[in-house]
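Novice: Test case, fold it:
(one chain, ligands or ions: 1)
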Amino acid sequence: MTDTAVSAAHAPGALPVHPLAPVTGAEFLAGRQVLAAAGLLAEPVRFAYYGLEEPPKGEVLAAGAAPERRLRAFLIDISTGESSDVVLSLATGQVVSRRVLDPRADGQLPIIDGDFAAAEEIVRADPGWRAAMARRGLTDVTKIRACPLTAGWFGVAEEAGRRMVRVLAFVQAREHDLAWAHPVDGLSAYVDLIEKRVFRLVDEFEADVPAESGDYDDPAVRGPHRDTLRPIEITQPQGPSFTLDGHRLEWQGWSMRIGFDAREGLTLHQVGIFGRPVLYRAAVPEMVVPYGDPRFRYWQAYFDSGEYLVGKFANSLELGCDCLGDITYLDATVADDFGEPKVIRNAICIHEEDYGILWKHTDIFNGSAQSRRQRRLVVSFFTTVGNYDYGFYWYFYLDGTIECEIKLTGVLFTAAHDGANPHSTQVAPGLGAPAHQHLFGARLDMTVDGLANAVEEVDVSGRPAGPDNPHGNALVQEVTRLRTEGEAGRRCDASRGRTWRVISTEEVNRFGVPVSYTLYPEAAPALLADPGSSLAARAGFAANHLWVTQYDPAQRYPAGDFVNQHPGGAGLPAFVAGDRDIDGTDIVVWHTFGPTHFPRPEEWPVMPVARCGFTLKPTGFFGRNPTLDVPPPGAHCSGG
Ligand SMILES: [Cu+2]
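Specialist: A predicted model of the protein is given here:
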């Protein structure tokens, strides 16, 4: 479905566009003209990011206010490397601010589309790299695919201030071969993207290129398709139960606005239930995938959002293949390297799903036997970043639960395997998949019944036997109020069932208890890299599962604005350095989650979906089960 409502908003006399609506193609082009008129779009200038500069929350929430539409562009001159962060106003047609980055302190702008082809061309043309390949018996460089990988930052003088990638290579002997099955190990080319040359070649060891095909499309690899699966059809003869008006979505008391950004992908805004606000904004604006092989590829750690922009690589979803049932799609519009709009058809999938039993009871005294079906509203998108594919799913349930789930699939990153590498799993003969973590950073701008919120850490425990607990069976919750940003850097504790409760400091329920939503984490390990490592400095957000900050419109990204080659210290550790008050004010909750992944052979050559995420549950937000009015699924269902 095309979002005609938003496009129509640009027609003369139409209502003004909502301040949080995604940027339209016309707006990207208008912004481009503003930049061109300001002399900022010389021929070698490319857009490394182009998106909505959201107005501060206060301006959006002010009654009758219509904040001006602003766009933010990261511009890179690919001939000089000059990088700038520009904000422009579509309302005034003026550049509002422009800052030229100091790459040594600020880091580099994200990878652009053109870097992929450029890196491959540069290494294929490099005599040293060709010679290293020839020593490995690889003389036809057209059959070698180069993977431009973000470089990290290790304080090496030769790398300081350079816009660079580190290139690993894979053999793709046939057009349809799965290159990831054939890594060329021991060799890495460090490429300066501005000088357009290999400035260092690291040739540490030679290993045979694994030979077994990983081409899972090839009948010779997968075997004949099984013919024993009978159809499952999902029908909703009366259509789905939600309504979508432009980007505003309503379903079963829930309401929200859908947003989309090249960097963050799907964003949710002004999420509420039964007219009561819960979240002003929810998104997963960062993820880092650090690899755990300490040898020459020690630098492998990709910030898929901050360095590559997950939204830009959103998939066009196909009905009946990616999504089953009665599906509504929204297109997404992002910009290419030249700031020209690119529509990703069917990027966002919206549907509702049956989710088994909502509640059920057969009463031994009154004979009542009742069942109700749970269902959920699903808003999702899928993205491909290099070898991996990620689905970002948000679920809204009838009982007020919100769930974020990431589906991880695609192809494992590979290396050669000598049969004895403890940091890697052998997944095919001579082929290894190094261990790694996927650490996602969610930003949850909470508004539980209003702006005045606070966070409590809730642990459960037993109590030693004593005068108040003579038989030792007592169960208690230990509640600790997190009063400042410094106190709120917390880790999960599965042995204590640790959760974090976001309470209103103004609204109470019918028992006089503050209304709240509780964050239930999965309690997987946080960042495991040494605290003194470069990675720990650059992925500081991942050191804790929880952070709470006072709302600041400039604090949007868990690892900071400019992640690529950033020396570290940006993002959440810097945000909380002021140790601001977070008790009874407008707060943002940040949650780190995700698996530590020691691959299994069953995940090769393509990985069945693995899942991770977190849940937010109403806790005294309602005075009782809010789903008593859900009818039985059929007339024959209320027995007794
Ligand atoms: Cu993984």
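Novice: What lies in contact with the helix or strand harbouring residue 74?
Specialist: In this structure, residue 74 sits in strand 70-77 according to DSSP states H and E. Residues from elsewhere that reach strand 70-77, judged by Cβ atoms under 8 Å, 6 or more residues apart in numbering: 23, 27-28, 31, 35, 40-42, 44-53, 55, 82-90, 96, 109-110, 112, 163, 339. The C-beta positions use only the backbone N, C-alpha and C, and glycine is treated the same way.
Novice: what lines up beside that strand in the sheet?
Specialist: Paired strands of strand 70-77, with direction, are strand 45-53 (antiparallel), strand 83-89 (antiparallel) (DSSP bridges).
Novice: Does anything pack onto the helix or strand that contains residue 191? Which helices or strands?
Specialist: For residue 191, the element it lies in under DSSP H and E is strand 183-192. Under the contact definition 3 or more Cβ pairs under 8 Å, 6 or more residues apart in numbering; DSSP states H and E, strand 183-192 sits against helix 113-125, helix 127-135, strand 144-150, strand 164-171, strand 197-203, strand 415-416.
Novice: The strand of greatest length in the chain to strand 45-53, inter-axis angle?
Specialist: For the chain, the strand that runs over the most residues, judged by DSSP state E, is strand 341-362. Orientation check (axes from the mean of the first three to the mean of the last three Cα atoms, to 10 degrees): strand 341-362 against strand 45-53 gives 40 degrees.
Novice: pLDDT of strand 341-362, averaged?
Specialist: Taken as a whole, strand 341-362 has an average pLDDT of 98.
Novice: And for stretch 174-189?
Specialist: On average, the pLDDT along stretch 174-189 is 96.
Novice: in that stretch, what's buried?
Specialist: 177-189 (16 or more other Cβ atoms under 10 Å).
Novice: Which of these sits closest to residue 520?
Specialist: Distance to residue 520, by Cβ to Cβ, is smallest for residue 180 among the buried residues of stretch 174-189, at 34.9 Å.
Novice: separation between the spatially closest residue to the closest one that is not a sequence neighbour and residue 197?
Specialist: Closest residue to residue 180 apart from its sequence neighbours, by Cβ to Cβ, 6 or more residues apart in numbering: residue 411 at 4.7 Å. Taking Cβ to Cβ, to the nearest Å as the measure, residue 411 falls 30 Å from residue 197.
Novice: higher neighbour count, those two?
Specialist: Applying other Cβ atoms under 10 Å to residue 411 and residue 197 shows that residue 411 carries more neighbours, namely 21 against 14.
Novice: The more buried one against residue 384, yeah?
Specialist: No. Using Cβ atoms under 8 Å, residue 411 is not in contact with residue 384; the gap is 10.1 Å.
Novice: quick revisit: looking at the strands paired with strand 70-77, which is closest to residue 368?
Specialist: Of the strands paired with strand 70-77, the one closest to residue 368 (Cβ to Cβ) turns out to be strand 45-53, at 51.7 Å.
Novice: tell me the angle that closest one makes with helix 113-125.
Specialist: Counting by the same axes, to 10 degrees, strand 45-53 points 150 degrees away from the direction of helix 113-125.
Novice: Output strand 45-53 as CSV, restricted to C-alpha atoms.
Specialist: C-alpha atoms of strand 45-53 as CSV (Å, rounded to 0.1, in the frame of the first residue of the first chain):
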residue,chain,number,x,y,z
VAL,A,45,29.9,15.3,-2.4
ARG,A,46,27.9,12.3,-1.3
PHE,A,47,25.2,11.8,1.3
ALA,A,48,26.2,9.4,4.0
TYR,A,49,23.0,10.0,5.8
TYR,A,50,19.9,12.0,5.0
GLY,A,51,16.8,12.0,7.2
LEU,A,52,14.3,13.8,9.4
GLU,A,53,15.6,16.1,12.1
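Novice: Flag every buried residue along it.
Specialist: For strand 45-53, the neighbour count (16+ other Cβ under 10 Å) marks 45-53 as buried.
Novice: following the longest strand of the chain, which helix or strand shows up next?
Specialist: Later in the chain than strand 341-362, the nearest helix or strand by DSSP H and E is strand 369-385.
Novice: Dump that following strand to CSV, restricted to CA.
Specialist: In CSV, the C-alpha atoms belonging to strand 369-385 read as follows (Å, rounded to 0.1, in the frame of the first residue of the first chain):
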residue,chain,number,x,y,z
ALA,A,369,-15.3,-22.9,31.3
GLN,A,370,-14.1,-20.0,29.3
SER,A,371,-11.3,-19.4,26.7
ARG,A,372,-10.2,-16.3,25.0
ARG,A,373,-7.8,-15.9,22.1
GLN,A,374,-4.8,-13.6,22.3
ARG,A,375,-3.9,-11.7,19.2
ARG,A,376,-1.2,-9.2,18.5
LEU,A,377,-0.6,-6.3,16.1
VAL,A,378,2.7,-6.8,14.3
VAL,A,379,4.7,-3.9,12.8
SER,A,380,8.0,-5.0,11.2
PHE,A,381,10.6,-4.6,8.6
PHE,A,382,13.6,-6.7,7.4
THR,A,383,17.0,-5.5,6.5
THR,A,384,20.1,-7.1,4.9
VAL,A,385,23.5,-5.8,6.1
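Novice: element containing the most centrally placed residue in the chain, please.
Specialist: Residue closest to the average C-alpha location in the chain (Cα atoms, centre = their mean): residue 284, at 4.1 Å. In the assignment (DSSP H and E), residue 284 maps to strand 276-290.
Novice: ok and that strand relative to strand 369-385, angle-wise?
Specialist: Using the same axes, to 10 degrees, the inter-axis angle of strand 276-290 relative to strand 369-385 is 40 degrees.
Novice: which helices and strands does strand 276-290 pack with?
Specialist: Applying 3+ Cβ pairs under 8 Å, 6+ apart, we find strand 276-290 packed against strand 265-273, strand 301-303, strand 388-397, strand 402-410, strand 436-437, strand 439-446.
Novice: hmm, 6 Å instead?
Specialist: strand 265-273, strand 301-303, strand 439-446 (3 or more Cβ pairs under 6 Å, 6 or more residues apart in numbering; DSSP states H and E).
Novice: Show me the two of the buried residues of strand 45-53 that sit farthest apart.
Specialist: Greatest spacing in the buried residues of strand 45-53, by Cβ to Cβ: 45 and 52 (20.4 Å).
Novice: any low-confidence regions in the stretch 501-640 of the chain?
Specialist: Judged by pLDDT under 70, the stretch 501-640 of the chain has its weakly predicted residues at 639-640.
Novice: quick one: the helices in it?
Specialist: 534-538, 572-575 (DSSP state H, counting those that start in this stretch).
Novice: Let's have those in CSV, adding mean neighbour count.
Specialist: Shown next, in CSV, are the helices of the stretch 501-640 of the chain (neighbours: other Cβ atoms under 10 Å):
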stretch, mean neighbour count
helix 534-538, 22
helix 572-575, 21
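Novice: Redo those helices as CSV? Include distance to residue 448.
Specialist: Shown next, in CSV, are the helices of the stretch 501-640 of the chain (distance: least, Cβ to Cβ, whole Å):
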stretch, distance to residue 448
helix 534-538, 32
helix 572-575, 21
